[in-house]
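Novice: next input, structure requested:
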Amino acid sequence: MRKFRLVGYRLLPCAAFLLFVLSPFPFTPSPVSASGRVTTATREGRLIVFDEAWQTIRERYYDPELHGVDWEELRARLRPLAAEAASETEFYSVLRRLTSHLRDAHTRVFSPDERFDWQRPTYISVGVSLREIGGEIIVTAVERGGEAERGGVRAGDALLSIEGEPVAAVFARRLTEEVGASTDVAARQQAAARLFKGARDTFVNAVFTRDGARARTRSVRLRRVLQNRPPAFSVQKSEGFHVVNFNMFVPEIASELMRALRRGELRGARGLVIDLRDNGGGHAETMTDIASAFLPQGTNLGEFTDRDGRVSSAPQTRAAMLFAADAVAEFRGAVVVLTSTRTASAAEILAAALQETRRARVIGENTCGCVLAIRRRHTLPDGGLLDISEMDFRTARHTRLEGQGITPDELVSPTRRDISDGRDPALERALKILREKGEGKG
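Specialist: Below you'll find the predicted structure:
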């Protein structure tokens, strides 16, 4: 019988309930709603929720020193703001200020209305993807058929202003907002992603410009819409090699990969490019299943340790998948891994394992540096959710990834011109490496 060790913990970005004594004053409004939950509509309810979040983090966080943050002082400073918050939104903004001081992308809070599901996260979008390149905010992708595309916005355009305010000022403001990020690179990435944040189904005016001799500006009115990001797996063939792309580590992705290797598009493949540039993490055990397809059985992938320094889990590659009744399908051909600043958590662990064992070359950009682990979610008294990093991680070579990430074997970043022309220099370099290996040059 297979022995089960610590399964289901996430690397995404066990919290116990605490017992609170309610206020003894008989004439204050009840902090409990008709549903039996504490409500943040009352001052007392807000304090109950704040205190539980504060206390649970203090008792469960993987670093008992809380990264040197004066947790008592922070409570004294933020608790009055939580007590006087005028709305649920304002109250949860205070809780996010609390967690942001840990500079940890995994420790996060979600209000009851957010209903965050990490396997199908929802987000507000205006139909464009943005990133910072050379001091400019550049459009990297435009949603097909959306208002941005109809308004003439194209990949490679630069964003100039939002509601008449220079984008540099909006970007600087987003950077100062109290949102947790494990590295400065991750913070800037998050700031770019939040430039158009706002209420669902509201409109925002933006001005873009195109590079080149015939550059001109265009003003576009965009709607903020709610979208979700389900698990996605794809295989494409390029120059005789296969490019595998998946955006998170969940059991169905591992099963799809094994099917493709065993009897699908990847059967007999000469070489693979594993594109992790948009992979934000997921189940550690799924990551182990996928790593097992590329590394010998029993390969050490690193160690998770708790707040007392004890090893909670030491994943190793295996012959059989954990979440499916299938053997691991092995691939022993050449492999190149692509990374970016969006490569996070379990994706960083996989990339690090393939890099340290020299199983694959890593091409692209430094990764997020967001590698801590959550055992399970904590439900707050009002129905909100609290994720807490309870485990740290080090690779098989004892390298700590949190806060520093992975440095690729070759740094390759796209320029604005690359994006405008539809070029992917990192993928081009990866394919060249595979060609050279096939010709006996690598």
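
Novice: burial of the nearest residue to residue 112 once chain neighbours are set aside, as a residue count?
Specialist: Counting by CB to CB, 6 or more residues apart in numbering, residue 383 is the residue found nearest to residue 112 once chain neighbours are left out, at 3.8 Å. (Each C-beta comes from the backbone N, C-alpha and C, glycine too.) Around residue 383 there are 18 other residues, counting by other CB atoms under 10 Å.

Novice: so residue 383: helix, strand or coil?
Specialist: Classification of residue 383 by DSSP: H, G, I helix; E, B strand; the rest coil places it in coil.

Novice: list the contacts for the closest residue to residue 175 other than its chain neighbours?
Specialist: Closest residue to residue 175 apart from its sequence neighbours, by CB to CB, 6+ apart: residue 191 at 4.7 Å. Each residue near residue 191 by CB atoms under 8 Å, 6 or more residues apart in numbering is listed here: 171, 174-175, 177.

Novice: pLDDT averaged over the host helix or strand of residue 191 - what is it?
Specialist: Residue 191 is part of helix 184-193 when elements are defined by DSSP states H and E. Over the span of helix 184-193, the pLDDT mean works out to 89.

Novice: same check on stretch 61-78?
Specialist: 97.

Novice: what's the first-to-last distance across it?
Specialist: 19 Å (CA to CA, to the nearest Å).

Novice: state the pLDDT value of the residue nearest to residue 112.
Specialist: 94.

Novice: for the protein, longest helix please?
Specialist: helix 43-60 (DSSP state H).

Novice: hey, C-alpha coordinates of it in PDB?
Specialist: Extracted in PDB, the C-alpha atoms of helix 43-60 (Å, rounded to 0.1, in the frame of the first residue of the first chain):
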ATOM      1  CA  ARG A  43     -17.200  47.600  15.100                       C
ATOM      2  CA  GLU A  44     -17.000  44.600  17.400                       C
ATOM      3  CA  GLY A  45     -17.300  42.200  14.500                       C
ATOM      4  CA  ARG A  46     -14.400  43.900  12.700                       C
ATOM      5  CA  LEU A  47     -12.200  43.700  15.700                       C
ATOM      6  CA  ILE A  48     -13.000  40.000  16.100                       C
ATOM      7  CA  VAL A  49     -12.000  39.300  12.500                       C
ATOM      8  CA  PHE A  50      -8.900  41.500  12.700                       C
ATOM      9  CA  ASP A  51      -7.700  39.900  16.000                       C
ATOM     10  CA  GLU A  52      -8.200  36.300  14.600                       C
ATOM     11  CA  ALA A  53      -6.200  37.100  11.500                       C
ATOM     12  CA  TRP A  54      -3.500  38.800  13.400                       C
ATOM     13  CA  GLN A  55      -3.200  36.000  16.100                       C
ATOM     14  CA  THR A  56      -3.400  33.100  13.600                       C
ATOM     15  CA  ILE A  57      -0.600  34.500  11.500                       C
ATOM     16  CA  ARG A  58       1.500  35.000  14.600                       C
ATOM     17  CA  GLU A  59       1.000  31.400  15.700                       C
ATOM     18  CA  ARG A  60       1.200  29.600  12.400                       C
END
